[in-house]
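**Q** quick one, what's the 3D model for this:
(chains A, B, C and D)
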Amino acid sequence: MQPVIEVQNLSKNFTIRYREDWRVYTYSKQAVRNVSFSVFPGEILAIVGESGSGKTTLGKMMVNLVRPSSGQILLNGQPVQRLSQRRFQPLRHLIQMVFQNPYASLNPMMTVREHLEEALRLADVTDPHAIEQEIQQLTQLVKLSPQVLTEYPDQLSGGECRRVNLARILARRPRILILDEPVASLDFAIKQIIVDLLLELHQKLGLTYIWISHDLEIVQAVAHRILVMFDGEILEEIPRDGSRRDGCGHPYTEILFTAAHRLHTWEQEDFSTLGAVLPQPTAGTTMASRERGCRFRSFCQRYRTIGRPKLCRETPPRFKTVSQNHLVRCHFPWIENPEVTPK
Amino acid sequence: MDLMVEGVSIALQRGEELAYPARRISFTVKPGEFLGLVGESGSGKSLTMLALLGLESCSPGVVEGRVRYRSEQGQLYPLEGLSHYVRWHGGLPRKRTAAWQRTVYRRMKPLLGRRIAIILQDAHKTLNPFLRIEDQLLEMVARQGRADAEKAGWWGRWRQRRSIHQQLRQEALRLLKALHFRDPERVLRAYPHQLSGGMAQRVSLALALASRPEFIILDEPTTGLDVTLQAALVDLIRQLKQERRLSGIIVSHDLMFVGKVTERMAIMFSGELWEIGPTHNVIHPDFPWKHPYTSYLLSFARQKRRGSAGPAFQNVLWQRPKQGCPLRKSCPVYLHQLDMEQRRQCDSADPSPVPVFPEHYIRCWQYAWEEQKHAAGY
Amino acid sequence: MVKRIRQLGRLFLQAGLLLLAVITVEYALFLISPAIREDIAAYIQRHVPALAPGGEPGSWPILVYWKFYFYWLGELFFKGSAGYQANGENLIYLAGAPFRQTLMLALWGLALATGLASLLVFLRQSWPDKRPVSWLVQSFEALSGVHYIIFCYFVLYGLNLRRPPLAILILIIALGNGVLLDIVHLLETEINEIRHTRYYQGIRARGANRFRHLARPVGLCLTRIVYTKFPVVLGGTFIVEFIMNVWALGLETIQAVVKHDQLKLLVITVLITIVVWVSTVLNYLAKWKLDPRPVVRL
Amino acid sequence: MKRNASRKTGLLTAGLAVYLLLVLWGSTGWFPKSWQQVPSRMPIYQYSPPSREHPLGVFFQQDLLITFVRSTQASFVAGTIALLPFLALGTLLGIASGLPAGFAQALANRTIDVLNAFPRFVVLLLYTGLFAANLYHMLMLYGLISAPKLAELLRGRIDQLRREDFIDSCVALGLPWWVIVRRHILWHHSRHLILAQTFAMFAMAIFMEASLSYLNLGTREHYQSWGLMLNYATSVSGLSLFRFPLSAQFNLPAALPALGLLSVTLLLVSLSRYWEQQDRLKMGRMF
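**A** Reported below is the predicted structural model:
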């Protein structure tokens, strides 16, 4: 099958400048480093990682809001990373992004109806009758009550606001949606309702989702494929339900799973192994970024268990296929494996 | 050590008239105990907490009831702000609410950051971006009562400022070390923007703990944190509870998180408390007595996989019915399980808290009837 | 240390080049007018005959004037001579007493206004609903709506105060008065913004020392306000000097305008440019010292 | 809160109405016959006190009320003239400097810096000195060099919107940039700000015009303005304002423009304050 999006060796550097003690410090932070993946039509691809791991930057690069430093993005086989905003314009009906903060992406001085009308006019619906009909359909699609149409964004609740955003974006009839933390900071009830709505839309309209989140628990339930990101890098690609079946995986994913699992069950367990992932300060950057070897090793329980092997310190790991469609960027995807027991 | 909140109502100026985002809140936090205040966003839980402490998030603030705080030495601090004024003058001040807020804050100030520590939500943004962590942390460390420093007088303190600074610094380093920082020196030298979200959370925890408080309030500690950090925070809070005899309140919408670190839990919705009791009872699925809203919340929390959501409870904070139980319009028990007689009861009056277990109260007519039956000898 | 010196050196080099560029642009603007070109040509013929080509001044190429410009700059920076008036006096006297007088008026006026505005803002922020405080602030605001002209008119013809010590004080008050309203307004906006930030709420919740924590952000916005208001006060000084008949740059400017003394205007322009440039550099340095927050570039 | 606001607007509206009536009256040029007839034998510098024919008296061989009304009109014209370049350049620079980093943004920022660096009044003085300028040209120049004030405020607002992902979400939706700028940024997010700045600029331009004509700068013929009135009254008549309660020699020719200037500042500054307060209330509601 032809992938709708193909990302090859994508990187993004930010320059950060700050002043301290009459001195100016400039450093470059690599938010996304050498990321490659592809998305197939009708798929829900999840990108999971902590805040600051470059997920949002990756999403923004795909809708041409942030220009990549290097690498390639192919949209339906067409390279788009160097396109100007105007050249990208015809592709905007193909790919759309739902932003993290729903209130900030709506204009506080326009009613919901005006927002929808504006988006519909972009989609070349100009006849007032047709617009009225489309608005009806859209509100039904995202299950908004019609009286919301006359309200202003700040009168809406968090869930409603997200639906308005979704309706506004669906007015352009996109094929691919990038959902940036679609359910973060919502309450249980509304979170569940929004997830259900998104899945229903996926079924009904045949959309492709790129679902960016930090919560593995939700993502595991909905996604077809999960990419785990850490410090701008993809550490693991997990196929559907293949997560723990083969017993392999990246230690970071393991930590994420443990944390999510323990937070979502009632048993009183201790979390003392998680002390290892607490971020520590390093020069310049906020997250650890080792120059050589595996970037993750200073947080890695497995690295310490197997006696700090030279391999981890010297060579940056490459992707290893541990089972079908399951790639792990680790030298020791499974420590009981006799072949890779350290010398 | 213990905070006593008795029948507090909180008012908010909305245009000309007053609105009540929280009504008749009562709870007590006992020494060495954590209370979880759980509710959806918009249920007024953060607002209640901040208004109790006079932190100006709403005006005019506490207008009814009383708040008292008893310190470790048994000293009693009455923390009533406006309610005092209301009782004396028989009404709210018209124009001078800002002055009253300042009064409340002044009364709170000897406690804030000394006996009571607060960590506001979104910890990264509550650190001052213009000062180093050192400058912010040492100020709080210096709050610990030091008999020798008090005796030295200001001139003595000025002469020994270097060594005092060194002592404070050592203290701060020890504190950061206890919070799992591997390189505390570097943290002290850093500006807030050089910290990541999880580090900032721990630094603000350090700021709160630096003055050796007896009571700690966490306002939405998990929002904006990743799952790993949330899990680590659970660990950290448990550890702190063991090491220092802290008591406190955790305000959160995350039932799971609160369930892991607190002894008692209060469920808040539409600005009112509906259930308060031991955490184990409140969240345990097999515990027989539950408020309908609690079971609604739990049904979501327990649902791991996708499934259809039931009809939601309606937040009636701003359109409260004149009489009867305010939640009855969307209460599944009222709609599907009760007969006409019982419904009439629900329509006629607001339920009052009923004890269903030692220290476990539920505000629902179901349990009131059971109590009546029990009393009648059934 | 070496790195710091190098960085500061680079800063001053950049700033100096900026100054030179501004002065050059000003000179270019001067050269647009044929009348000024004639005046300058007459000056060249009289004082710097080496630069003057033969023929009518009207047919001189523009290059001559630029040669004169560099000659003049060299004289100014290396010999301290800014050219000569018709009566033979060196124009560098403008950088002495008149310049000092103007600068003193502007700086004291600005200091007065800033101090008073800070005091008023502090009062209003500390006691937001005390009636006397609000009356005080409002009356100051109403008074500061009065422009220099009216203020000086009142002083001149109403109180008949034109003797030096008192007159200078009143000039300063008049000047500060003109920008007081603006400064109060800007400062209050900025402080309200700070009060709504999350870190201010954090400081309150911790019961920390607010003055210690807010010194830097408030200092930052004060420097910015002072920096933006400085040219305004400088302009006001010129009017006030003319009205009150104080011998300073303002009066000299008006005289030069009336007498079409173009070289004097050029010298005054350069002086003012240098002052404003110094204030820019100071503002930049203050920002550098006070603001550690990072800037992210895409 | 609501009642307060409405009371303030009432007062402001009344003040504005009076001012606009004076302007309209001045532009029609219609005055009663008796006001227009002035005894020609009167010495030019003498002020004759109010009489039945001349309600405010005669000064400079003209009825004082006529002078005042015409001067009000001149102030309005002056304010309007300065406003046009101010709004045009300010908006342009503000939007350009709010752009993501690039050549246009750098250019706009440097332009703002350079324009900020000139003391405005000094620039005007130099301009008159160099080019024997028309007053209206000088006012346009004044509007032009005050533009950074508006531009900086706009830049701040755009920065804020950018930080909140608002502009990014508009671009991602596919809105063309001119729609984003025109409808979302300018109209919906900065209209109060621009309006407040417009009022403030109007008041400042009137002052600048008064200051310039007070200093007798700028060429004009048959021109009447508040500054000129003040100039003639103070420099020529030498009357005192403060002796008014004690004697009949009240310097009305000087007091009238002074009062006019004062009222215009208070009016327009409070009007811009009112708008800004409204804006802040809105923002408070929004965010």
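**Q** confirm that B:Ile249 sits in a strand.
**A** Yes. Under DSSP: H, G, I helix; E, B strand; the rest coil, B:Ile249 sits within a strand.
**Q** and the nearest residue to D:Ser97 once chain neighbours are set aside, how far is that from chain C?
**A** Spatial nearest neighbour of D:Ser97, chain neighbours left out: D:Ala108 (3.9 Å); criterion: CB to CB, 6 or more residues apart in numbering or on different chains. Every C-beta, even on glycine, is put in place using the N, C-alpha and C of the backbone. Distance from D:Ala108 to chain C, counting by CB to the nearest CB, to the nearest Å: 17 Å.
**Q** same deal with A:Trp334?
**A** A:Trp334 is 39 Å from chain C, by CB to the nearest CB.
**Q** that residue contacts A:Val322, doesn't it?
**A** Yes. Counting by CB atoms under 8 Å, A:Val322 is a contact partner of A:Trp334 at 7.1 Å.
**Q** of the two, who's got more company?
**A** A:Val322 (20 against 16; other CB atoms under 10 Å in any protein chain shown).
**Q** for that one, which three-state class applies?
**A** Relying on three-state DSSP, one would call A:Val322 strand.
**Q** give me the distance between it and A:Thr315.
**A** From A:Val322 across to A:Thr315, the span is 18 Å (CB to CB, to the nearest Å).
**Q** next: C:Ala52.
**A** Applying CB to CB to C:Ala52 and A:Thr315 gives a distance of 77 Å.
**Q** of these two, which one has the most company?
**A** C:Ala52 (18 against 12).
**Q** residues contacting the more buried one?
**A** C:41, C:44-45, C:60, C:64 (CB atoms under 8 Å, 6 or more residues apart in numbering or on different chains).
**Q** just the ones in strands from those residues, please.
**A** If you go by DSSP state E, those have nothing in strands.
**Q** buried ones only from the residues you listed, please, as a ChimeraX command.
**A** Filtering those down to the buried ones (16 or more other CB atoms under 10 Å in any protein chain shown) takes a single ChimeraX command:
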select /C:41,44,60,64
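**Q** near chain B too, which of the contacts of C:Ala52?
**A** Filtering the contacts of C:Ala52 for proximity to chain B by CB under 8 Å from any CB of the partner chain leaves nothing.
**Q** reformat the contacts of C:Ala52 as CSV; add distance to D:Asn231 and pLDDT.
**A** Output for the contacts of C:Ala52, formatted as CSV (distance: CB to CB, whole Å; pLDDT from 0 to 100):
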residue, distance to D:Asn231, pLDDT
C:Ala41, 35, 86
C:Ile44, 38, 86
C:Gln45, 39, 86
C:Trp60, 40, 84
C:Val64, 41, 88
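**Q** and for the residue nearest to D:Ser97, the neighbour number?
**A** 21.
**Q** now stretch D:36-44: mean pLDDT?
**A** Here stretch D:36-44 scores 71 as its mean pLDDT.
**Q** got a pLDDT number for the closest residue to B:Asn315 other than its chain neighbours?
**A** Spatially, and ignoring its direct neighbours in sequence, B:Asn315 is nearest to B:Ser270 (5.4 Å; CB to CB, 6+ apart). Here the pLDDT value assigned to B:Ser270 is 87.
**Q** ditto for the one 3 residues further on
**A** Each residue has a pLDDT score; the one for B:Leu273 is 92.
**Q** the helix or strand hosting it near chain A anywhere?
**A** Element membership for B:Leu273 (DSSP states H and E) is strand B:272-278. No. Strand B:272-278 lies out of reach of chain A by CB under 8 Å from any CB, never closer than 13.8 Å.
**Q** so which elements touch that strand?
**A** Other helices and strands packing on strand B:272-278, by 3 or more CB pairs under 8 Å, 6 or more residues apart in numbering or on different chains; DSSP states H and E, are strand B:17-29, strand B:264-269, helix B:292-302, strand B:354-357, strand B:360-362.
**Q** show the subsequent helix or strand relative to that strand.
**A** Criterion used, DSSP H and E; the element after strand B:272-278 is helix B:279-283.
**Q** so who does the most centrally placed residue in chain A touch?
**A** Geometric centre of chain A, nearest residue: A:Ile212, 2.3 Å, by CA atoms, centre = their mean. Residues counted as contacts of A:Ile212 (CB under 8 Å, 6+ apart) are A:46-47, A:55-56, A:58-59, A:178-181.
**Q** would you confirm that D:Trp177 contacts A:Gln85?
**A** Yes. If you go by CB under 8 Å, D:Trp177 and A:Gln85 touch, sitting 7.4 Å apart.
**Q** grab the nearest non-local neighbour of B:Leu79.
**A** B:Val67 (4.2 Å).
**Q** now the one you found: how far from chain A?
**A** 27 Å.
**Q** which residue ranges form the strands in the chain?
**A** Assuming you mean chain A. So, for chain A - with DSSP E - the strands run A:5-20, A:23-39, A:44-49, A:70-75, A:78-79, A:95-98, A:176-180, A:208-213, A:225-230, A:233-239, A:319-323, A:326-329.
**Q** meant chain C, my bad for not saying
**A** According to DSSP E, the strands that chain C contains are C:295-297.
**Q** most centrally placed residue in it?
**A** C:Pro231 (3.7 Å).
**Q** I figured it hits D:Val123, correct?
**A** No. Look at C:Pro231 against D:Val123 with CB under 8 Å: they stay out of range, at 9.2 Å.
**Q** burial count for B:Ala123?
**A** Around B:Ala123 there are 30 residues (other CB under 10 Å).
**Q** that one against B:Gly198, yeah?
**A** No. Applying CB under 8 Å, one finds B:Ala123 not in contact with B:Gly198, separated by 9.4 Å.
**Q** if I read this right, C:Leu171 contacts C:Met104, doesn't it?
**A** No. Applying CB under 8 Å as the test, C:Leu171 and C:Met104 come out as separate, 9.9 Å apart.
**Q** which of these two has more neighbours?
**A** Between C:Leu171 and C:Met104, counted using other CB under 10 Å, C:Leu171 has the larger neighbour count: 27 against 15.
**Q** chain A contacts on the stretch 101-250 of chain B?
**A** So far as CB under 8 Å from any CB goes, the stretch 101-250 of chain B lies against chain A at B:180-183, B:186-187, B:190-191, B:193-199, B:202, B:223-224, B:226-232, B:234-235, B:238.
**Q** try it again at 6 Å.
**A** Within reach of chain A by CB under 6 Å from any CB of the partner chain, the stretch 101-250 of chain B has these residues: B:180, B:182, B:186-187, B:190, B:196-199, B:223, B:226-228, B:230-232, B:234-235.
**Q** and what of chain D?
**A** Counting by CB under 6 Å from any CB, chain D sits next to chain A at D:164-166, D:168-169, D:172, D:174, D:184, D:188, D:286.
**Q** would TSV of these with secondary structure, distance to chain B and pLDDT be doable?
**A** As requested, those are exported to TSV (DSSP: H, G, I helix; E, B strand; the rest coil; distance: CB to the nearest CB, whole Å; pLDDT from 0 to 100):
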residue	secondary structure	distance to chain B	pLDDT
D:Glu164	coil	14	81
D:Asp165	coil	15	85
D:Phe166	helix	19	89
D:Asp168	helix	20	90
D:Ser169	helix	20	91
D:Ala172	helix	23	91
D:Gly174	coil	30	89
D:His184	helix	26	90
D:His188	helix	24	81
D:Met286	helix	16	38
